[in-house]
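Participant: Okay, predicted coordinates and the sequence, questions at the end:
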Amino acid sequence: MDHRLNIFLTVAEQHSFSKTADKLYITQSAVSQAIKSLEKEYGMELLERSNKYIGLTKAGKILYYHGKEIMEQYALVDKFIEDIHTTASGALWIGASYTFGEYSLPKMMSEFKTNYPNIKPKITIKNTHRIIEQLLRRELDIGIINGRIQHPNLLIKPFALDEMVVIVPINHPLGCEKVVTTEELESETWVIRESGSGTRELTDHMFQQTGIHPKEIMEFGSPQIIKESVEVGLGISYISKGAIRKELALGTLCALNIKGFDSTQLFFYATRDTQIQTKAAELFITFLEKTHAEV
């Protein structure tokens, strides 16, 4: 590690040589020497100095931005080297879309924790678009998503099968028929997910492929709100069958298939394409691939 870079980044954040010295347990002279050495190496000033404040020059801002990334890579290297000599442990940052995260992930994590008690999962539940954003910002180790997703900087692999179904309340005129036609669904009000969710992409794809043109659409931000809205008669929806297991068992919703339309969907795990995985992440990916072929 270039300790000069660490000193520079700390000065940039503390806006003070003395505070930097205190934070890093070094002398102010050592701070000053490190900054002078970097400025000499790059041939330009990195800091704007005044009696009360230290800021960054244009060159300093560039070094700060990329220097933070470099320090993050140093931290990853330390973690990977440590992994070689120790059992898997520490934080595992997982992001999951609402459908999988709320209805399948809890049971999965219980099994995983039983096998690997020293790994500490840190889980966030958001729509697919937000999960991808966090992966690209290096805020997550692994994302679990659904929908028709591609990204040049992500490695995206399927690991689980699911089925999408049309859901209606039990008192709906269609009843609980197993199969319905597109004509029977054409005049319905649809309660669907918001743009950016994987389920919304699958719903839009279904509309396009079947030729259904909803007379009215209502958008909600989670599967739970959608299920409750359908139960009270606000409309019908298109949702993962894995998300309505409880409602089907209780008899509060009916699940219908669309005649002639393949409603099979896949869940995917996603990682950054160039990322070396920690031991914890590798174990979790292996766990996904071996134990969860169906949601």
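Facilitator: Cool, got the structure. Remember, predicted model here, so these are calculated numbers, not experimental data.

Participant: Quick check: mean pLDDT of the longest helix seen in the chain?
Facilitator: The residue-count maximum for a helix in the chain (DSSP state H) belongs to helix 58-85. Rounded to a whole number, the mean pLDDT of helix 58-85 is 82.

Participant: Could I get the buried residue list for that helix?
Facilitator: Judged by neighbour count (16 or more other Cβ atoms under 10 Å), helix 58-85 contains these buried residues: 59-60, 63-64, 67, 83. Yep, even glycine has a C-beta here, placed from its N, CA and C like the rest.

Participant: For the chain, which segments are assigned as strands?
Facilitator: In order along the chain, the chain carries the following strands (DSSP state E): 47-49, 54-56, 90-96, 119-125, 142-146, 154-169, 179-180, 189-193, 216-220, 237-240, 253-258, 264-272.

Participant: neighbouring strands for the last one, and are they parallel or not?
Facilitator: Strands that pair with strand 264-272, judged by DSSP bridges, come out as strand 142-146 (antiparallel), strand 154-169 (antiparallel).

Participant: all helices of the stretch 101-250 of the chain, in order?
Facilitator: For the stretch 101-250 of the chain, applying DSSP state H, counting those that start in this stretch gives helices covering 105-115, 128-136, 182-185, 198-210, 223-231, 245-250.

Participant: List the buried residues in the second one.
Facilitator: Spelled out, that is helix 128-136. With the criterion 16+ other Cβ under 10 Å, helix 128-136 contains buried residues 128-132, 135.

Participant: can you check the first one too?
Facilitator: With burial defined by 16+ other Cβ under 10 Å, the residues of helix 105-115 counted as buried are 105, 108-109, 112.

Participant: between that helix and strand 142-146, how many degrees?
Facilitator: Taking axes from the mean of the first three to the mean of the last three Cα atoms, to 10 degrees, helix 105-115 and strand 142-146 form an angle of 150 degrees between their directions.

Participant: Which among the helices of the stretch 101-250 of the chain is found nearest to Ser29?
Facilitator: Between Ser29 and these, the shortest gap by Cβ to Cβ is with helix 128-136, which sits at 40.8 Å.

Participant: residues in contact with the closest one?
Facilitator: 95-97, 124, 126, 140, 143-147, 149, 151, 153-154, 196-198, 201, 270-272 (Cβ atoms under 8 Å, 6 or more residues apart in numbering).

Participant: Show me which of the residues you listed are buried.
Facilitator: For the contacts of helix 128-136, a burial check counting by 16+ other Cβ under 10 Å picks out 95-97, 126, 140, 143-147, 149, 154, 196-198, 201, 270-272.

Participant: Quick check: which helices or strands does the lowest-mean-pLDDT helix or strand in the chain pack against?
Facilitator: The helix or strand with the lowest mean pLDDT-type score in the chain, counting by mean pLDDT, DSSP states H and E, is helix 58-85 (a mean of 82). Based on contacts counted as 3 or more Cβ pairs under 8 Å, 6 or more residues apart in numbering; DSSP states H and E, the elements that helix 58-85 packs against are helix 3-14, helix 28-42.

Participant: What lies in contact with the shortest one?
Facilitator: Outside of helix 3-14, the residues that reach it under the criterion Cβ under 8 Å, 6+ apart are 17, 20, 23-24, 26, 30-31, 34-35, 37-38, 46-47, 54, 56, 60, 63-64, 67-68, 70-71.

Participant: Poorly predicted segments of this protein, please.
Facilitator: Counting by pLDDT under 70, the low-confidence segments of the chain come to 1, 79-80, 82-86, 275, 292-295.

Participant: sorry, back to before: output the helices of the stretch 101-250 of the chain in a markdown table; the columns should cover distance to Phe8.
Facilitator: Rendered in a markdown table, the data for the helices of the stretch 101-250 of the chain read as follows (distance: least, Cβ to Cβ, whole Å):
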| stretch | distance to Phe8 |
| --- | --- |
| helix 105-115 | 40 |
| helix 128-136 | 26 |
| helix 182-185 | 62 |
| helix 198-210 | 42 |
| helix 223-231 | 47 |
| helix 245-250 | 55 |
